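S.K.: Just to be clear, the model below is a prediction. Sequence and coordinates:
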Amino acid sequence: MASQTDVSQAFTPDAITESERTTIHWLPNETLDTILSNLVQPEIILFNSPNDPAFLHRQTSIFPIRLVSHRFKSLVDTVLAQNYPRDIWVVGALPIDDTSQLQSICLEYMTGLRTMLAPLLRSKMPFNIRVHLLPELFSMRAEINWELGPVTSTFLDGSRPGFKDGCTAARTMAGHYLAAITLSHMLRRILEEDDGAVKRATMRLMLHEVDGSTSEISQLSAEDPRRETTFLPFWDIDAVSGVVAHWKWIRQAARNSNPQLGEFMTLPVIAWPTLAGITPEHVLEKSYVDIMEAWRYGRVEEFTDTVVKFRISGSKLKIRCPSNDMLALWLTTLSIRMVGIRCFAIRGMGIFSPGDSRLRAVLLERPMSLLNAP
């Protein structure tokens, strides 16, 4: 009987309340701050990773913690203020064959950007952001169905894309171009929704090579001249001109009325594939005119060949992607009709002025190790 009385007393409401009071542990703010700081980085990474679909969500995992209590809201806001985004990385391509998947990824990117930029925009402070366009090839190659790939265009030599490496190369380049243009419109829309944010933002766009490098002055000056003819560019003249035209809005924060391209963009080594017997001087002159037209007026020549037209998510604008067929075939295919393709590498664009010997067009050696048998 006594044991029954002890049990009933142990589970009285007062006893339970007292037990809860004695088992709650409060971590000091310093410890919580250290834990929360590991959830925030001063960069945003947009990557459509097929092997890690939750990649983007982990970057926003700190924001629900703000809703726990006033104490956590204050702690999270302090951590966010110390780690405002300074870099936005766009890694890899967007899908060009699956509209529903494209819209889903665009929505995810837009939601992630809004969430992670919100604390910075609320601060009403001037800010600097670098936007990095980084090619990523492995996941795109894995998604190509070699035997059943849809025929979305016809290559210059009449072959069916989907059966050659040229298909992979062309679609990968078009997908990266689509990612670059889509991000431009997303970011511009987010900034324009916040009054004055576009003019508070000092932005720099950086187009990376496949190996992650960028065409900085120090790199171009120190590079071995013998490597210039074997370097394989990823971005061709059509793609770079289009990217420059769609991103020219970032110059709105410039203090002068005629800002220089190099102040806002770091361009890559640019590929210029051609079947014509033109000189390096002509290539350099024509490419400079194309890039400057895109920078000053936002104009880009209509692509004679396109993969498909895309509608930007949340926008009425449709964009056209260059098919990159000639560069893709130069990189991958040796056939009777395509053996005459030559490719120039334009180095120093956006860094050096016309007349500077470091701004030049170099005729590349064809990558024999990458060629297919016809």
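M.R.: That came through, no problem. Because the structure is a prediction, the values reported are computed rather than measured.
S.K.: In stretch 343-352, which residues are buried?
M.R.: 343-352 (16 or more other CB atoms under 10 Å). (Glycine included, C-beta is placed from N, CA and C.)
S.K.: what's the answer for stretch 121-137, then?
M.R.: By 16+ other CB under 10 Å, the buried positions in stretch 121-137 come out as 121, 127, 129-137.
S.K.: Strands of this structure, start to end?
M.R.: Along the chain, counting by DSSP state E, strands occupy 43-47, 87-91, 127-134, 201-207, 235-236, 265-266, 270-274, 306-311, 318-322, 342-347, 360-363.
S.K.: Where among those strands is average confidence lowest?
M.R.: Mean pLDDT values for those show the minimum at strand 306-311, a mean of 56.
S.K.: what's the weakest-modelled helix or strand in this protein?
M.R.: helix 2-10 (a mean of 44; mean pLDDT, DSSP states H and E).
S.K.: In the lengthiest helix in the chain, which residues are buried?
M.R.: Identified as the longest helix of the chain according to DSSP state H is helix 165-193. For helix 165-193, burial by neighbour count (16+ other CB under 10 Å) applies to 165-191.
S.K.: what are the bridge partners for residue 205, then?
M.R.: Counting by DSSP bridges, residue 205 is bridged to residue 131, residue 265.
S.K.: is it true that it touches residue 246?
M.R.: No - checked against CB atoms under 8 Å, the pair residue 205 and residue 246 is beyond contact range at 10.0 Å.
S.K.: wait, what's in contact with residue 112?
M.R.: 44, 46, 56, 59-60 (CB atoms under 8 Å, 6 or more residues apart in numbering).
S.K.: er, residue 350 actually
M.R.: Neighbours of residue 350 in contact, by CB under 8 Å, 6+ apart: 261-262, 265-267, 291.
S.K.: The nearest residue to residue 280 once chain neighbours are set aside bridge partners, please.
M.R.: Nearest residue to residue 280, sequence neighbours excluded (CB to CB, 6 or more residues apart in numbering): residue 361, at 4.1 Å. Taking DSSP bridges as the rule, residue 361 bridges to residue 346.
S.K.: How many residues are close by residue 361?
M.R.: Residues near residue 361, counting by other CB atoms under 10 Å, number 24.
S.K.: so where's the protein uncertain?
M.R.: By pLDDT under 70, the low-scoring segments of the chain are 1-25, 27, 33-39, 50-57, 138-166, 216-227, 299-324, 333-338, 367-374.
S.K.: Let's see that with 50 instead.
M.R.: 1-11, 16, 19, 22-24, 142-163, 218, 221-222, 307, 371-374 (pLDDT under 50).
S.K.: Make sure residue 92 is actually in contact with residue 133.
M.R.: No - here residue 92 does not reach residue 133: they are 9.8 Å apart, not a contact under CB under 8 Å.
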